[in-house]
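[1] sequence first, then the predicted structure:
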Amino acid sequence: MIDLYTWTTPNGRKVSIMLEECGLPYRTHAINIGKGDQFAPEFVAINPNSKIPAIMDPDGPDGKPISLMESGAILVYLAGKTGKFLPQAVRGRYDALQWLMFQMGGVGPMFGQVHHFLRAAKEPVPYAIERYVNETRRLYSVLDRQLAGHEWLAGGEYTIADMATYPWVARYEWHKTDLNDFPGVKRWFDKLSRRPAVQRGMAVPKV
């Protein structure tokens, strides 16, 4: 059984969605980042970067245990372990990986900055709000153009790129985005929202 160390954030929910989609048995450990659980020595031993999520798989490569940090790396690992949600065809695999990297390098960091400056900053910082809101809309436009002509981000196949991006889009209200402005994204989002495994994964951890 895989041990999942996570919290109620988009990055954490990427992995719980993947675990649910793959049907892998896992045990959840809630790491309350609001209380500083991520800095506890027991967790730092698993993830030296003190971020969630992280996993420990007793049945790793060659049958030996492995611990992994970084949500994107965990998704790639689980796809390799199960042979699911990452295309076997070389071109399709790179299509999926480029959209996964788009999420890791763009969607996550930029949406996260919007969340911070709109919700957590002690006082408004107009320059930062304008900068990150504009970049967030630009990223939505990129997603929308891709999804206007494709069922899923990597084309015709549901992959880890979709799972990685969905939990960030699910917080569209946090970054004051109207999904009706991006019809391709809205169609994709609504379709993903109906998937039972996505619904279960988004409810992890139960707090």
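    Perfect, thanks for sending it. Residues are numbered from 1 along each chain as shown.
[2] can you give me the strands in the chain?
    Here the chain has its strands, by DSSP state E, at 2-6, 26-30, 54-57, 66-69.
[3] export the ones you listed as a markdown table, with columns for distance to Val133.
    Any C-beta I mention is one placed from the backbone N, CA and C, and that applies to glycine too. Listed next are the strands of the chain as a markdown table, based on distance: least, Cβ to Cβ, whole Å:
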| stretch | distance to Val133 |
| --- | --- |
| strand 2-6 | 28 |
| strand 26-30 | 31 |
| strand 54-57 | 31 |
| strand 66-69 | 30 |
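[4] Tyr166 is nearest to which of those?
    Tyr166 lies closest, by Cβ to Cβ, to one member of these: strand 2-6, at 15.6 Å.
[5] now do the closest one and strand 26-30, the angle between them.
    In this structure, strand 2-6 runs at an angle of 30 degrees to strand 26-30, with axes from the mean of the first three to the mean of the last three Cα atoms, to 10 degrees as the basis.
[6] so which elements touch strand 2-6?
    Taking 3 or more Cβ pairs under 8 Å, 6 or more residues apart in numbering; DSSP states H and E as contact, the helices and strands that strand 2-6 lies on are helix 10-22, strand 26-30, strand 54-57.
[7] out of those, which is the most enclosed?
    Of all these, helix 10-22 has the most neighbours on average by mean count of other Cβ atoms under 10 Å, namely a mean of 24.
[8] and the contacts of that one?
    Outside of helix 10-22, the residues that reach it under the criterion Cβ atoms under 8 Å, 6 or more residues apart in numbering are 2, 4, 6, 26, 28, 51-53, 55, 71, 74-75, 78-79, 82, 84-85, 108, 111, 160, 163-164, 166-168, 170-171, 195, 197-198, 200-202, 204-205.
[9] CA atoms of that helix as PDB?
    Taking only C-alpha atoms (Å, rounded to 0.1, in the frame of the first residue of the first chain), the coordinates of helix 10-22 have been written out as PDB:
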ATOM      1  CA  PRO A  10      -4.200  21.600  -5.800                       C
ATOM      2  CA  ASN A  11      -0.700  19.900  -5.800                       C
ATOM      3  CA  GLY A  12      -1.800  17.400  -3.300                       C
ATOM      4  CA  ARG A  13      -5.000  16.600  -5.100                       C
ATOM      5  CA  LYS A  14      -3.200  15.900  -8.400                       C
ATOM      6  CA  VAL A  15      -1.800  12.800  -6.800                       C
ATOM      7  CA  SER A  16      -4.900  11.600  -5.000                       C
ATOM      8  CA  ILE A  17      -6.800  11.900  -8.300                       C
ATOM      9  CA  MET A  18      -4.200   9.700 -10.000                       C
ATOM     10  CA  LEU A  19      -4.200   7.100  -7.200                       C
ATOM     11  CA  GLU A  20      -8.000   7.000  -7.500                       C
ATOM     12  CA  GLU A  21      -8.000   6.800 -11.300                       C
ATOM     13  CA  CYS A  22      -5.400   3.900 -11.200                       C
END
